[in-house]
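Below are the sequence and a predicted model; questions follow.
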Amino acid sequence: MQATTEAALDPAALAAWKSFLRAHAVLIRVLERELLAARGLPLAEYDVLVQLDEVPEGRLRMAQLADRVLLSRSGLTRLVERMEASGLVRREVCPTDARGSFAALTEEGRRQLVGSAAIHMRSLKDHFAGPLDSGQMGQLRDVCDRLLAGSPEEPVRCPSVDQPVAEEV
């Protein structure tokens, strides 16, 4: 018996949704496993390091960072505490708001990011970009952009993602 919520979508839409969820889950597990095996770095920590590295001062308010890494604020707080204990980031008090704080990239965090980036990019190339040709990659981006545009949630703006992609000549 099908649940009533499934009956609201036509079979093709439901199949696409399930395929999207499976692809996302499998790709994230593979990327995590390869990064952990090579560098001992969880994917969520890598993402925090990337987000901090992409901003000029190497630091973000905790709320901004939570939005960029797609974690709850409490989840990010626990993650940053673990990363702080490992020396990858440090917490800084906000000088204009005593209730707020920043997460800032440390030199150790930058070294870990530099050492991990090539491994992560190779994994992305092998498992994400490799199976798709350039036309399919463009279609996938268009589909994802369309899904985001139709969402009532304000999309998170990430400079490295939201910049126009230069066309190859």
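Sure thing, it's come through.

pretty sure Leu60 contacts Val50?
No - assessed by Cβ atoms under 8 Å, Leu60 is found out of contact with Val50, at 11.5 Å. C-beta: built from backbone N, CA, C; applies to glycine.

neighbours around Val50, how many?
Neighbours of Val50 under the rule other Cβ atoms under 10 Å: 18.

Show me the longest helix that occurs in this protein.
helix 11-39 (DSSP state H).

elements contacting that helix?
Helix 11-39 sits against helix 43-53, helix 107-124, with contacts defined as 3 or more Cβ pairs under 8 Å, 6 or more residues apart in numbering; DSSP states H and E.

Can you give me the distance of Asp53 to Leu105?
6 Å (Cβ to Cβ, to the nearest Å).

Which residues are in contact with each of these two?
Leu113 (Cβ atoms under 8 Å, 6 or more residues apart in numbering).

These two: which is more packed in?
Leu105 (25 against 15).

who's that one bridged to?
Listed beta-bridge partners, Leu105: Val89 (assigned using DSSP bridges).

pLDDT at it, what is it?
On the pLDDT scale, Leu105 is placed at 98.

was I right about it contacting Val89?
Yes - the pair formed by Leu105 and Val89 meets the contact definition of Cβ under 8 Å, at 6.1 Å.

Mind listing the shared neighbours of the two?
With Cβ under 8 Å, 6+ apart as the test, Leu105 and Val89 both reach Leu49, Leu52.

The residue nearest to Leu49 when sequence neighbours are not counted: neighbour count?
Distances taken as Cβ to Cβ, 6 or more residues apart in numbering place Leu113 nearest to Leu49, at 4.2 Å, with adjacent residues excluded. Using other Cβ under 10 Å, Leu113 has 21 other residues around it.

Next: Asp47.
Neighbour number of Asp47 under other Cβ under 10 Å is 17.

Tell me the secondary structure at the nearest residue to Trp17 once chain neighbours are set aside.
Of all residues not flanking Trp17 in the chain, Leu9 sits nearest, at 7.0 Å (Cβ to Cβ, 6+ apart). Put simply, Leu9 is coil when judged by DSSP: H, G, I helix; E, B strand; the rest coil.

Repeat that for Arg91.
strand.

Could you list the low-pLDDT ranges of the chain?
Residues of the chain meeting the criterion pLDDT under 70: 1-7, 154-169.
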